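In: Here is a sequence together with a model predicted from it:
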Amino acid sequence: LNLWRALAGKLEPMGAAGHSLGEYAALAAAGALPEAQVLELVALRGKLMAEAAGEGGAMAAVLKVSLPDVEALVAKAAEATGGTLLVANYNTPGQYVISGRKDAVDQAAGLCKEAKGRAIPLAVSGAFHSPLMAEAAAEIEKYLLKADWRAPKMPVFANVTGAGESDPEKLKKLLVRQMTSSVRWIDTMASLYEAGARTFVELGPKGVLTKMVKPNLEGRDGVNAMGVATAQAAQEFVLP
């Protein structure tokens, strides 16, 4: 948010989006929620998710496996173990994240190897973006319903659907669902492009989302991606 303020006057964005926790920052940047409330909600979200981590959940990144094969091995592992398992993050056509009970995640990782892909366990404390976060979602919903929601200055592209939304009531409901639903980043990028976005500016230190632009929009014309990681970079920022 500090970087967003530092860029004031240098950008006229047509929309905002954030991956998982970043969706809260996107909502603040769009003016849908006050910054102070967003900070409180983010702290609460972290606390609730940490408490829900005792459910025996895990996550793993799946690489070099097609979406149909990822969905097939997830279904097979869930059936074999009887445990909750789903695709939690649709990041790029070559990178997905699975989430669920640890035994189901481990089973899926073995099946991924058989499919000549890679499964990398993630250093997280629980099965985020899965039904195992249901209690956390129910708790944070109480606070989201009381928050000071406003019509955003620009559409916010929601993780749950990948589509742009300007109705604060709908944004509120989508944010509640985000805790237990998949992050549809592939769809989000496609929706942004279809809405007219050509230059994608990521605010933050690691540039993870910047690296996802090219694989998600491969073959589309006029795409630029750039990151702003520091206050100095924000001061020197110039659109291409």
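Out: Cool, the structure landed.
In: so who does residue 38 touch?
Out: Going by CB atoms under 8 Å, 6 or more residues apart in numbering, residue 38 touches 1, 24-25, 27-28. (Each C-beta comes from the backbone N, C-alpha and C, glycine too.)
In: Secondary structure of it: a helix, I assume?
Out: Yes: assessed by DSSP: H, G, I helix; E, B strand; the rest coil, residue 38 belongs to a helix.
In: Tell me how far it lies from residue 191.
Out: Per CB to CB, to the nearest Å, residue 38 is found 23 Å from residue 191.
In: ditto for residue 24
Out: Distance from residue 24 to residue 191, by CB to CB: 19 Å.
In: cool, and residue 200?
Out: Relative to residue 191, and taking CB to CB, residue 200 is found at 12 Å.
In: got any ranges where the chain has weak pLDDT?
Out: Applying pLDDT under 70 to the chain flags residues 54-55.
In: Strands of that one, residue ranges please.
Out: For the chain, strands defined by DSSP state E occupy the ranges 57-63, 85-92, 95-101, 118-121, 156-157, 164-165, 183-184, 199-203, 224-228.
In: Most tightly packed of those?
Out: strand 156-157 (a mean of 28; mean count of other CB atoms under 10 Å).
In: quick one: contacts of that strand?
Out: 15-17, 23, 26-27, 30, 32, 163-166, 171, 188, 191-192.
In: Just the CA atoms of stretch 4-20, as PDB, please.
Out: C-alpha atoms of stretch 4-20 as PDB (Å, rounded to 0.1, in the frame of the first residue of the first chain):
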ATOM      1  CA  TRP A   4       0.700   2.300  -4.200                       C
ATOM      2  CA  ARG A   5       0.600   5.700  -2.600                       C
ATOM      3  CA  ALA A   6       4.100   6.400  -3.900                       C
ATOM      4  CA  LEU A   7       2.800   5.900  -7.400                       C
ATOM      5  CA  ALA A   8      -0.100   8.300  -7.100                       C
ATOM      6  CA  GLY A   9      -0.500  10.300 -10.300                       C
ATOM      7  CA  LYS A  10       1.800   8.000 -12.300                       C
ATOM      8  CA  LEU A  11      -0.800   5.400 -13.100                       C
ATOM      9  CA  GLU A  12      -4.400   5.400 -14.300                       C
ATOM     10  CA  PRO A  13      -5.300   1.700 -13.700                       C
ATOM     11  CA  MET A  14      -8.300   0.100 -15.300                       C
ATOM     12  CA  GLY A  15      -8.500  -2.600 -12.600                       C
ATOM     13  CA  ALA A  16      -6.800  -4.200  -9.600                       C
ATOM     14  CA  ALA A  17      -6.100  -7.700  -8.600                       C
ATOM     15  CA  GLY A  18      -4.100  -9.500  -5.900                       C
ATOM     16  CA  HIS A  19      -3.200 -13.200  -5.500                       C
ATOM     17  CA  SER A  20      -4.600 -14.700  -2.300                       C
END
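In: Would you mark the buried spots in it?
Out: 4, 6-7, 13, 15-20 (16 or more other CB atoms under 10 Å).
In: With distance to residue 235 as added columns, please give the strands of the chain in CSV.
Out: Converted to CSV, the strands of the chain look like this (distance: least, CB to CB, whole Å):
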stretch, distance to residue 235
strand 57-63, 34
strand 85-92, 31
strand 95-101, 33
strand 118-121, 36
strand 156-157, 26
strand 164-165, 29
strand 183-184, 31
strand 199-203, 13
strand 224-228, 10
